[in-house]
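Peer 1: just coords:
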Ligand SMILES: *[C@@H]1O[C@H](CO)[C@@H](O)[C@H](O)[C@H]1NC(C)=O
Ligand SMILES: *[C@@H]1O[C@H](CO)[C@@H](O)[C@H](O)[C@H]1NC(C)=O
Ligand SMILES: [Mn+2]
C-alpha cells in the first residue's frame, strides 16, 4: 500500500509540474520568433531583425550555411560565398588565413535595414537568386603545393554545378538566354573570401575549366605579375608561386585573356620600369591609383569598361587597393590609395558586366582597428559585387 501511494503521488506531482510548466511557458517570450535577416520584409528595420544581426553563428551577411563540400555536396545555388583560409604565400605581414572569418564578422550588419542597394536599385538578398555561404575550403598550412590543389578542387566542386535558378528568357525576344560557359551549362558564381592573393592562381584554373580564357579586372596597389626571380627570388619551384607572382603564372598558363584585362589602384614601387614591360607581356592594362585625381571615378570606370568590353570577366579585389586609412589590416599596405567610397563607386560602375566569379583577398584581421574598419570595408565592397552580379545574368552577349 505504502508503495502504491508513493507511485500515485509521484504521478500526480509529475502531472502537476507538467501543467505548471505549460502555464509558465505561456508567459514566456517565444524563442522561435527570430527571422533570418535576409528574410526581412522591407523596410526590415525592427527589433527582431536587429537581434539576429549580432547573435548566432556568423556566416556572410547571415546567409544560410551550406556544407557544400561535404554533406551538402549536391546542393545547387546561384551565388556562393566560399572561404580560402590560406596565407603561406605572403611576403610581409602574415594573417590572411583569418580573412574569411574576419570578413564574415564584418558583414553581420549588411541586412540590418533589409539589404536594399539604393544606387543600384536592387536588393540582392531578395532578387530571387539562391545565395548561400558554403563555409571554407579545408586548406593545409603546411604544404603550399597541396593547399593550392585543395583550393582549385574546392572551387571547382562548386563551380561545376548547375545553378539553382534557370537562366530565364530574354525580356525582349522571349527566347531562352544562352549561357556563356564552354559546356553550355549555367554555372553558379562564387565569391571567394581570401586568403592571400596566391589563391587566385588555383581559382583561375577552376574558372578556365568552365569558361576558358577569361578577362580579369584586378584592384590592387601591386601588379602581382612579377617574375619569380624579381619577386621573392625563386629559391625553389614552390617559393616561385606566391602572392606577387600568381598572375605571372596564370598568364604563362594561358588562363588570362591578353589585352582585355586591367589593374586598378596601382601605386607600388618597382624593381624598375622593366616591371611594366613584363606586366604588358602578361596581358594587363593599368590604371594608377593617382589617376583618380585627374579623371575621377567616372574616368576610371570608362577605362575599365573600354578594356573589358562585353566579355565575361573575373573580378579580383585586393583590400590593399583601398588606402590603409580605411583598410589598415592587410599584408602589404600602401599609402596613397582609394577611399572605400571611391572603390565602391567604381565597383557599382561595373553594373552590366558579366562577372563570372570574384574574390576579396589579403584581409588580415589581426592588424585591424577595434572598430573592424577593414573587415567592414571588405564586406561592404562585396555587397556591391553581389548586387552587380544579381542584376546581370551570365548570358551570351546580346546588344542592348
Ligand atoms: C521561356 O521560354 C520557354 C519557351 O521557349 C517557355 O517554355 C518557358 O516557360 C519560358 N520561361 C519563362 C520563365 O518565361
Ligand atoms: C600579349 O600581347 C602582347 C602584345 O601583342 C604581347 O607582347 C605579349 O607577349 C602577349 N602575352 C601573352 C601572355 O600572350
Ligand atoms: Mn595582391
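Peer 2: Cool, the structure landed. These numbers come from a predicted model, not from an experiment. Ligands and ions are numbered 1, 2, ... in the order given.
Peer 1: Once you drop chain neighbours, what's closest to residue 271?
Peer 2: Closest residue to residue 271 apart from its sequence neighbours, by C-beta to C-beta, 6 or more residues apart in numbering: residue 230 at 5.1 Å. Placement of C-beta: from N, CA and C, glycine included.
Peer 1: what about the one you found, which SS state?
Peer 2: coil (DSSP: H, G, I helix; E, B strand; the rest coil).
Peer 1: So that it lines up with my notes, have the first residue be 21 from now on.
Peer 2: Right, with 21 as the first residue, what we last looked at is residue 250.
Peer 1: Touching, it and residue 292? I think so.
Peer 2: No. Using C-beta atoms under 8 Å, residue 250 is not in contact with residue 292; the gap is 9.1 Å.
Peer 1: These two: which is more packed in?
Peer 2: residue 250 (18 against 9; other C-beta atoms under 10 Å).
Peer 1: Now do the contacts for that one.
Peer 2: 291, 295, 298 (C-beta atoms under 8 Å, 6 or more residues apart in numbering).
Peer 1: I'd guess residue 122 is in a helix, am I close?
Peer 2: Yes. Residue 122: assigned to a helix according to three-state DSSP.
Peer 1: Give me the phi and psi for the nearest residue to it once chain neighbours are set aside.
Peer 2: In space, and not counting its chain neighbours, residue 122 is closest to residue 385: 3.3 Å by C-beta to C-beta, 6+ apart. The phi/psi pair for residue 385 (degrees, to the nearest 10) reads phi -60, psi -20.
Peer 1: The residue of the stretch 221-370 of the chain found nearest ligand 2 - how many residues pack around it?
Peer 2: Distance from ligand 2 to each residue of the stretch 221-370 of the chain (C-beta to the nearest ligand atom) is smallest for residue 278, at 3.7 Å. Using other C-beta under 10 Å, residue 278 has 14 other residues around it.
Peer 1: While we're on it, how confident is the model there?
Peer 2: For residue 278, the model assigns a pLDDT of 95.
Peer 1: mind checking how far it is from residue 237?
Peer 2: 15 Å (C-beta to C-beta, to the nearest Å).
Peer 1: hmm, stretch 293-310 in reach of ligand 2?
Peer 2: Yes. Applying C-beta under 6 Å from any ligand atom, one finds stretch 293-310 touching ligand 2 at 301, 303.
Peer 1: contacts for that stretch?
Peer 2: 236, 238, 241, 243, 245-247, 250, 267-268, 271, 276-279, 281-287, 290, 320, 323-324, 327, 341, 356-358.
Peer 1: what distance separates that stretch from the centre of its chain?
Peer 2: Centre-to-centre, stretch 293-310 and its host chain are 25 Å apart (C-alpha atoms, centre = their mean, to the nearest Å).
Peer 1: which of the residues in it are buried?
Peer 2: Neighbour-count burial for stretch 293-310 flags 295, 298, 299, 302, 303, 304, 305, 306, 307, 309 (criterion: 16 or more other C-beta atoms under 10 Å).
Peer 1: same check, this time on stretch 357-375
Peer 2: Quick answer for stretch 357-375 (16+ other C-beta under 10 Å): 357-358, 360, 362-371, 373-375.
Peer 1: ok, so of those residues, who is nearest residue 346?
Peer 2: residue 360 (4.6 Å; C-beta to C-beta).
Peer 1: Local confidence estimate at that closest one?
Peer 2: Confidence score, pLDDT, at residue 360: 98.
Peer 1: wait, isn't it in contact with residue 347?
Peer 2: Yes. Contact criterion C-beta under 8 Å: residue 360 and residue 347 qualify, at 7.0 Å.
Peer 1: where do the helices sit along the protein?
Peer 2: 22-47, 67-74, 119-126, 164-179, 220-231, 266-272, 294-301, 312-328, 360-368, 393-411 (DSSP state H).
Peer 1: Need the buried residues of stretch 293-310 in TSV (columns: distance to ligand 3 and pLDDT).
Peer 2: TSV is the format used below for the buried residues of stretch 293-310 (distance: C-beta to the ion, whole Å; pLDDT from 0 to 100):
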residue	distance to ligand 3	pLDDT
295	14	98
298	16	98
299	13	98
302	14	98
303	16	97
304	13	98
305	17	98
306	14	98
307	15	98
309	13	98
